[in-house]
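Peer 1: The amino acid sequence is not available; the structure is as follows:
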């Protein structure tokens, strides 16, 4: 129910005339205690709530701002202070509660933390002394009830039942944990190790640890809450009131180091963490997570107590004297170590500020600066600096001492702050280095929020916060990059849904995205996982895609069947089997058929997996494309082939045309010399009508020497021989100089004539032969026209070899170094393929 509605409900009493009330609202997690406190806060004219975590204080601050407006609400924590003038409702951490401020309502959350070794004395102090003018509310677990009765006999105790049921679900492997699970570990190393395993198995996890900056923790929680990941790996800090949508809590361990020794969690601690599962009326479960390392086990008594919310009452709370003697550091230490006034209270263990004071009290460099009440108070303020770096009291005391030497004289030097903040203002490095810088900058954020510690607190608070936010964002980015695979996470969440083609998007370049996440490329009917994906994740991607891709294949098959010829192409790449391509992928390869011009098809395996009806439609469409392509590109060869096998063709002509067709339209003349001699005039006329050139060396059709027909002829010849596509002479290259053996063999089929280590395209060779034959007079030696060499782009030496190849020999040397040539008696005559062109008369001359 919205807070705006709840504040007007019958649960809210008129507080104007009420006497001061002290209430203890006790119960397990998920009882709405915090929600009730916020409701009561908003019902009063002013108020304060103290929380165990800055993150929780910020969360509730945002909720109250939405109700009261930003000018009416303040936030006070060790590292952040938002205090509009006249703010009436304050959300704070327990340590930062302004106890000297009079407010109508005051509440303290998670009061059972008075039993915590590190911070217990703070919560106990607030329990005993923090009061609202009209109403005070103590929130905590039922284990606090006997102590509340004893220490606060005037308090009204209200017990609230849990809204939902919490039950034990047993042990589960990490890879089998249900979505919306929080996995609890008790060290940073374990958190990172488990997060890496979750990335491999489940697409990733968010991370929450106490040493993360609040902004980074917020971003990680938002990552989980938004549903980008279904898992969160956290330390036991998650048990301190963070409101998240968690269905299951899995313990990766049941022991932790408490600052002095490693021990097993006590049942209330287990329950506090397990109770994060389930929200409002939604039941929750808890269990253990089985991993390659430690595999903890609950005992039955622990399970029963957690499920039934039966915990042994707390026997005492930690206490520390609040009436301190600031006469000297020694007197301050003595007052801190006074014994509690009641049996329900026990002396607080050595807290961080107390331990730092002990270290500095006897420091000869510090003692002279901390003389008198003012100096001692200043030293005690400095000792309250949190150990964000987690270095321990001894090393932390060195930092505090360094700062105190300046605070004793007034304020920390601006240049000192500027240099250190500038050094930390870098987002380079890995997770460890960013975390280290964040811990250091959080120190300066805390310092800058103490108005009497720095000369320009507003500027330096903003500067430190800016660097902290930049580092926090960089750390969040690195955590996501390392421990979250967004593609896998999104697909795994959708795996259980029925596959629909609409779930898949394919860009023009073939990039495939499922649920908006790029996962690979689709070419034709083939899917390839993104190569940037780590090899361990490919199985997840393929598994998630299997439910969707079949619908896409069917959609593509129908599109391919209706596609125009322009959408298909012949894949004639050297070194590969000739194939038919569509949208960049193979549909089929060409294999030997009944004849050169009628190859068969072998469907690609990606097409063969289609159902029989679609597969046959694809096959017929590809077959039609191949037939039409051959008919169009090799039209001259098709006509030669039809004439060769036509019943009306004379046997003598068939003897010439059939071998030429089988040779793909190019054949040496000597192989057909007898057949050519037997042709009658009608047959020769037929040859001319087919466009065939009967040259001195070769029979060929000029149209078949163009790039596209040449490439397709080579492909068909390779298919007939059961070979891959051979190399093809470079486009526009008429002369091959010492070609490689495989290129030379292909060039012979393509229409090149070999001579003395070189090869010349036969149409150019025959053009030269025709010109030479027209120039000479019988066998009389003659001097060839020099322009002929230039016309084919060759030098003199190459031209001489060409002349020898077409049947001429040098007979006499000239003074200029040129040869005269004469033809051999056996040189064959040239047969023109077309009638000589008639020259048009010059009408102007007429």
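Peer 2: Looks like it arrived, so ask away. Just so you know, these numbers come straight off a predicted model, no measurement behind them.

Peer 1: Three-state assignment for residue 172, please.
Peer 2: With DSSP: H, G, I helix; E, B strand; the rest coil as the basis, residue 172 sits in strand.

Peer 1: ok, then the element right after the helix or strand containing residue 713?
Peer 2: Here residue 713, judged by DSSP states H and E, is contained in helix 707-721. Remark: after helix 707-721, the chain's next helix or strand is strand 735-737, criterion DSSP H and E.

Peer 1: Give me the distance from that next one to the chain's centre.
Peer 2: 51 Å (Cα atoms, centre = their mean, to the nearest Å).

Peer 1: With stretch 188-196 instead?
Peer 2: 20 Å.

Peer 1: Stretch 403-415 too?
Peer 2: Per Cα atoms, centre = their mean, the centroid offset for stretch 403-415 relative to its chain is 47 Å.

Peer 1: same check, this time on stretch 781-800
Peer 2: Taking mean C-alpha positions (Cα atoms, centre = their mean), stretch 781-800 and its chain are 65 Å apart.

Peer 1: Quick one: end-to-end distance for that stretch.
Peer 2: In stretch 781-800, first residue to last residue: 15 Å (Cα to Cα, to the nearest Å).

Peer 1: Check which residues of it are buried.
Peer 2: The neighbour-count check on stretch 781-800 (16 or more other Cβ atoms under 10 Å) flags 781, 782, 784, 788, 789, 792, 794, 798, 799, 800 as buried. For the C-beta atoms, the positions are set from N, CA and C on the backbone; glycine is no exception.

Peer 1: Surely the first one is in contact with residue 811?
Peer 2: The one in question is residue 781. Yes: if you go by Cβ atoms under 8 Å, residue 781 and residue 811 touch, sitting 4.9 Å apart.

Peer 1: on that earlier part again, counting contacts, what elements does the helix holding residue 713 pack onto?
Peer 2: Packing contacts for helix 707-721, counted by 3 or more Cβ pairs under 8 Å, 6 or more residues apart in numbering; DSSP states H and E, involve strand 585-595, strand 598-603, helix 612-633, helix 635-644, helix 741-750.

Peer 1: try it again with 6 Å
Peer 2: The elements that helix 707-721 packs onto, with contact taken as 3 or more Cβ pairs under 6 Å, 6 or more residues apart in numbering; DSSP states H and E, are strand 585-595, helix 612-633, helix 741-750.

Peer 1: List the neighbouring strands of the helix or strand following the last one plus their orientation.
Peer 2: Which is helix 741-750. The first helix or strand that comes after helix 741-750 along the chain, using DSSP H and E, is strand 752-755. In the sheet, strand 752-755 lines up against strand 758-761 (antiparallel) (DSSP bridges).

Peer 1: how far does the strand it pairs with sit from the chain's center?
Peer 2: For strand 758-761, the distance to the chain centre is 54 Å (Cα atoms, centre = their mean).

Peer 1: Can you give me the buried ones in it?
Peer 2: Those would be 758, 759, 760, 761, for strand 758-761 by 16+ other Cβ under 10 Å.

Peer 1: Closest one of those to residue 598?
Peer 2: Using Cβ to Cβ, the shortest approach to residue 598 within the buried residues of strand 758-761 belongs to residue 761, at 27.8 Å.

Peer 1: For the nearest residue to residue 465 once chain neighbours are set aside, which residues are in contact?
Peer 2: Using Cβ to Cβ, 6 or more residues apart in numbering and skipping residues adjacent in sequence, the residue nearest residue 465 is residue 445, 5.8 Å away. By Cβ atoms under 6 Å, 6 or more residues apart in numbering, residue 445 lies in contact with 79, 464, 465, 468.

Peer 1: min pLDDT across those, which one?
Peer 2: Minimum pLDDT for the contacts of residue 445 is recorded at residue 79 (78).

Peer 1: before we move on, what SS does it have?
Peer 2: Per three-state DSSP, residue 79 ends up coil.

Peer 1: Nearest residue to it in space, please, no chain neighbours.
Peer 2: Residue 79's closest residue in space is residue 445 (Cβ to Cβ, 6+ apart), at 4.6 Å.

Peer 1: hang on, the one you found in a helix?
Peer 2: Yes: in this structure, residue 445 lies within a helix as judged by three-state DSSP.

Peer 1: ok, now how distant is it from residue 572?
Peer 2: 67 Å (Cβ to Cβ, to the nearest Å).

Peer 1: next one: residue 159
Peer 2: Taking Cβ to Cβ, one finds residue 159 at 83 Å from residue 572.

Peer 1: what do you get for residue 125?
Peer 2: 86 Å.

Peer 1: What of residue 511?
Peer 2: 26 Å.

Peer 1: Look at residue 598 and report its pLDDT.
Peer 2: So residue 598 comes in at 96 (pLDDT).
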